[in-house]
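J.: Quick one, fold the following:
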Amino acid sequence: MLISKLVGERTKTAPSDAVIKSHSLMIRAGYIKLVSNGIWSLAMPAKRIAKKIENIIREEMDALEGQECTFPVVMPRELWEESGRYTSIGDEMVRFKDRFGRDMVLGMTHEEAAVQFARDAVNSYQQLPFMIYQIQTKFRDEGRPRGGLIRVREFTMKDAYSFHMTKEDLETYYERAYHAYERIFKRIGMKNFIAVKSDSGMMGGSISHEFMLLTPIGEDTIVICPKCGLSANMEVATSILNDAEKEEALPMEEVFTGAAKEIREVTEYLGDIPAEKTIKAVCYNIRGDSERTVVAFIRGDLEVNEAKLKKVIKADIVPANLNSDELVAGNIGPVGLSGKNIVIVYDNSVKGTVNMVSGANKAEYHLKNVTEGRDFSVSESYDIRKVKAGEKCPVCGGELTVQNGIEIGNIFQLGTKYTTAMGMTVLNAEGKAVNPIMGCYGIGIGRAMASVAEETADEKGLNWPMAIAPWHVYLCVIRPDDEKVKEKAYALYDEMQKRGIEVLMDDRAASAGFKFADCDLMGIPLRLVVSPRAIENDAAEIKIRATGETITCPYEECIDRIKEMIDAAI
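T.: Below you'll find the predicted structure:
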């Protein structure tokens, strides 16, 4: 490819709305172009990277006996009603009517399509296990796209679905898929990634893992124990709280607190008591049921984990609109609280508390010395809190750390959620109809590309690993108007292509410094310079982008040296 013919402008100016380096650099280097909020066009260099990532994924999926298929982007409403997700998924799923007035959806995930495909094709246990996968465009009407290709609305994703007769068979296959994902991320050049336990969310199922690239710019929060290696997404992470000091219960008393409502305001008003000696109420409405209010009681220094709370109440939640006579905003407490439309959930941190401060369920008043078991009773409590750094690991007692990450892939043990809902059955060895057990496995192609860019880029620009780089070599021609230079450059260009080396030749009439800067910005792994001086000295200069190392050799040897470096890196 000649750079003079390459469509896509490179620029020194960073876009004003880019807050992470991969976003900024991929625009500056001419890889991506914004079409609309969260919707991007990929220029040729980005498309070449995407194809290489896809091919690596294909190799690993095929090694798992995967069968590549293609499911439709557009699906009828009825298919999603079978699974129950037509109504349970919110505005992120695009719904529309076709010209015949039929309700349709844009696919944001393809469990329904995969089950519909499989149930019509498979009827016997002898055909299981099997896995089908696709690499397909999807659309999720993301409310807050950001970070270039990190969080988008339209995206390309590899999603795979496996079907099994037994839980044990799924678990064996799940482990194989887990290790295949590790290989995929290593092969595309990621280094600082881990797999963490996660919440299955709208996907359903019992066991799931997310693969995370650890980076400060990540939106996901990960809890890690450096001592034993335990790792989990904040949505499912647990920890051990330090035991409270034993103390004698004092008489409960009602105290005036005026306009103080927040924990910080109340503790200051009452003389700087510690937040861990308070009980706070966090209120939610159940989505679609504004009459009912969920009141989550938790220790005042802790935060409610909404993912955990949703699992406890088995419903989706939204911030509460408090319009009940029983609930006085800022003064809600567990003592005497009741109401037919109030659902009370206690965090484990409230159980056994002594001499706490809580709301008095009365405007401008709180209660002091509230003691659980005497003033109110917790019959059932749950872990509905977010873990904090420094708390104890539930496995080894080590000190937990909290880091940020970008989700780069996920795997789920779905069980029979979809096959049962959609009536997929096969006959087992005894001739009985049973629902197959499913697993699913996803990787976003664009996000994987942007995540590699984020991890490997430096102050000069992008820095693609050899395995997925758009080209292996940037052939930098200095003085292309010089006939000897032009002849040598094209001879090298043609020979490299014959030997399977992917090369981008900079044939523009521009300065060496300008071309070197573009090479660094684009992140091509190797730079080979052809110039009058280099030809005169028969000194081919090969620069390695990742290390900055420069290798000099005779021109007749340079292609062999380049080929060796490429083969060693891939």
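J.: mind listing the strands for the stretch 401-550 of the chain?
T.: 401-415, 426-427, 433-434, 437-444, 473-477, 503-506, 526-530, 540-544, 550-553 (DSSP state E, counting those that start in this stretch).
J.: Which parts of the stretch 251-400 of the chain are strands?
T.: 253-256, 279-286, 289-299, 317-319, 342-346, 356-359, 365-370.
J.: Same check on the stretch 51-200 of the chain?
T.: Using DSSP E, counting those that start in this stretch, the strands of the stretch 51-200 of the chain run over residues 66-68, 74-76, 95-97, 103-106, 130-139, 154-164, 193-197.
J.: So which elements touch the fifth one?
T.: The helices and strands touching strand 130-139, judged by 3 or more CB pairs under 8 Å, 6 or more residues apart in numbering; DSSP states H and E, are helix 44-63, strand 66-68, helix 111-119, strand 154-164. No exception for glycine: its C-beta is placed from N, CA and C like everyone else's.
J.: repeat that with 6 Å
T.: For strand 130-139, the packing partners by 3 or more CB pairs under 6 Å, 6 or more residues apart in numbering; DSSP states H and E come out as strand 66-68, strand 154-164.
J.: Alpha carbons only: can I get the longest one in PDB?
T.: C-alpha atoms of strand 154-164 as PDB (Å, rounded to 0.1, in the frame of the first residue of the first chain):
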ATOM      1  CA  GLU A 154     -22.800  -0.100  17.000                       C
ATOM      2  CA  PHE A 155     -20.100  -2.800  17.300                       C
ATOM      3  CA  THR A 156     -18.800  -6.000  15.900                       C
ATOM      4  CA  MET A 157     -18.700  -8.900  18.300                       C
ATOM      5  CA  LYS A 158     -17.800 -12.600  18.400                       C
ATOM      6  CA  ASP A 159     -20.400 -14.400  20.300                       C
ATOM      7  CA  ALA A 160     -20.400 -18.200  20.800                       C
ATOM      8  CA  TYR A 161     -23.000 -20.500  22.200                       C
ATOM      9  CA  SER A 162     -22.400 -24.100  23.400                       C
ATOM     10  CA  PHE A 163     -25.000 -26.700  24.100                       C
ATOM     11  CA  HIS A 164     -24.500 -29.700  26.500                       C
END
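J.: Now L521. Nearest residue, chain neighbours left out?
T.: G461 (3.6 Å; CB to CB, 6 or more residues apart in numbering).
J.: gap between S511 and V503?
T.: S511 sits 21 Å away from V503, going by CB to CB, to the nearest Å.
J.: Please apply the same query to G38.
T.: G38 is 34 Å from V503, by CB to CB.
J.: what do you get for E265?
T.: Distance from E265 to V503, by CB to CB: 66 Å.
J.: Pick out whichever of these two has more residues nearby.
T.: Applying other CB atoms under 10 Å to E265 and V503 shows that V503 carries more neighbours, namely 22 against 14.
J.: Pretty sure I408 is one of the things F211 touches, is it not?
T.: Yes - F211 lies in contact with I408 (CB atoms under 6 Å); the separation is 5.1 Å.
J.: where exactly do the helices run in this protein?
T.: 21-28, 44-63, 77-83, 85-88, 111-119, 167-187, 263-269, 306-313, 417-421, 445-456, 483-498, 512-522, 532-537, 555-569 (DSSP state H).
J.: With A296 as the reference, name the closest of those.
T.: Taking CB to CB, helix 306-313 is the member of the helices of the chain nearest to A296, at 5.9 Å.
J.: just the angle between the closest one and strand 279-286, please?
T.: If you take axes from the mean of the first three to the mean of the last three CA atoms, to 10 degrees, helix 306-313 sits at 70 degrees to strand 279-286.
J.: Name the residues that touch helix 306-313?
T.: By CB atoms under 6 Å, 6 or more residues apart in numbering, the list of residues contacting helix 306-313 from outside reads 199, 235, 296, 345, 382, 384.
J.: Could you do stretch 559-568 as well?
T.: Contacts for stretch 559-568 (CB under 6 Å, 6+ apart): 472, 495-496, 553.
J.: just the buried members of those?
T.: For the contacts of stretch 559-568, a burial check counting by 16 or more other CB atoms under 10 Å picks out 472, 496.
J.: from the contacts of stretch 559-568, which single one is nearest K246?
T.: Using CB to CB, H472 is the member of those that lies nearest K246, at 68.0 Å.
J.: wait, isn't the closest one in contact with G500?
T.: No - applying CB under 6 Å as the test, H472 and G500 come out as separate, 9.2 Å apart.
J.: So this protein: which segments form each domain?
T.: With domains defined by automatic domain parsing, the chain comprises 14-219+402-454, 253-370, 473-569.
J.: residues contacting K280?
T.: 263, 300.
J.: Read off the pLDDT value for it.
T.: Looking at K280, its pLDDT is 96.
J.: Number the chain from 16, please
T.: Renumbered: residue one is now 16, and that last one reads K295.
J.: Identify the bridge partners of it.
T.: I313 (DSSP bridges).
J.: And K558, by the same measure?
T.: Counting by DSSP bridges, K558 is bridged to R542, T565.
J.: Low-confidence stretches in the stretch 166-315 of the chain?
T.: Low-confidence segments of the stretch 166-315 of the chain (pLDDT under 70): 215-221.
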